[in-house]
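# mind looking at a prediction? Sequence and model below.
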Amino acid sequence: MENDIAAKKLAELGHITRLLIFRYLVKVGDQGAPVGQIQDELDVPGSTLSHHISRLVSVGLIKQVRDSRILYCIPQFDVLDELVEFLKSECCTEAKCKQ
């Protein structure tokens, strides 16, 4: 992962509402959650929620899947794992690590 891509993902998670949305989706797991459920759980107005979800979608942290009239938000664990690995990738490379 390149620095600019990681920075964009981290910037989106740097907003409290988006962080709460993402953490909730991670908590519910691979199946994701309907938008209405997220709205009820986090008590976020619909238009505000839509804006924040679209920001998370734009950087690939979540995807949306429609099932009939229900729109599900699904956390992208592979993207999260890649971001965490990017953050850890140079851990202790310039310091003497204890053995």
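Received the coordinates, thanks.
# how many other residues sit next to residue 63?
Residue 63 is flanked by 14 other residues according to other CB atoms under 10 Å. No exception for glycine: its C-beta is placed from N, CA and C like everyone else's.
# model confidence for it, exactly?
Here, the pLDDT recorded for residue 63 equals 97.
# now do residue 97
Model confidence at residue 97, given as pLDDT, is 57.
# do residue 90 as well
Looking at residue 90, its pLDDT reads 82.
# sec struct for it, please.
Three-state call for residue 90 (DSSP: H, G, I helix; E, B strand; the rest coil): coil.
# got it, and residue 64?
Per three-state DSSP, residue 64 ends up strand.
# list the contacts for it?
Residues in contact with residue 64 (CB atoms under 8 Å, 6 or more residues apart in numbering) are 53, 57, 71-74.
# tabulate those (JSON lines), appending distance to residue 23.
Formatted as JSON lines, those follow (distance: CB to CB, whole Å):
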{"residue": "53", "distance to residue 23": "14"}
{"residue": "57", "distance to residue 23": "16"}
{"residue": "71", "distance to residue 23": "19"}
{"residue": "72", "distance to residue 23": "17"}
{"residue": "73", "distance to residue 23": "12"}
{"residue": "74", "distance to residue 23": "14"}
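# max pairwise distance over those: which two?
57 and 72 (12.0 Å; CB to CB).
# who has more neighbours, those two?
residue 72 (18 against 15).
# for the more buried one, phi and psi?
Dihedral pair for residue 72: phi -100, psi 140, per degrees, to the nearest 10.
# for residue 62, see how far away it is.
Residue 72 sits 10 Å away from residue 62, going by CB to CB, to the nearest Å.
# ok, which stretches of the chain are helices?
All helices of the chain, identified by DSSP state H, fall at 3-13, 16-28, 35-42, 46-58, 77-88.
# no further questions, thank you.
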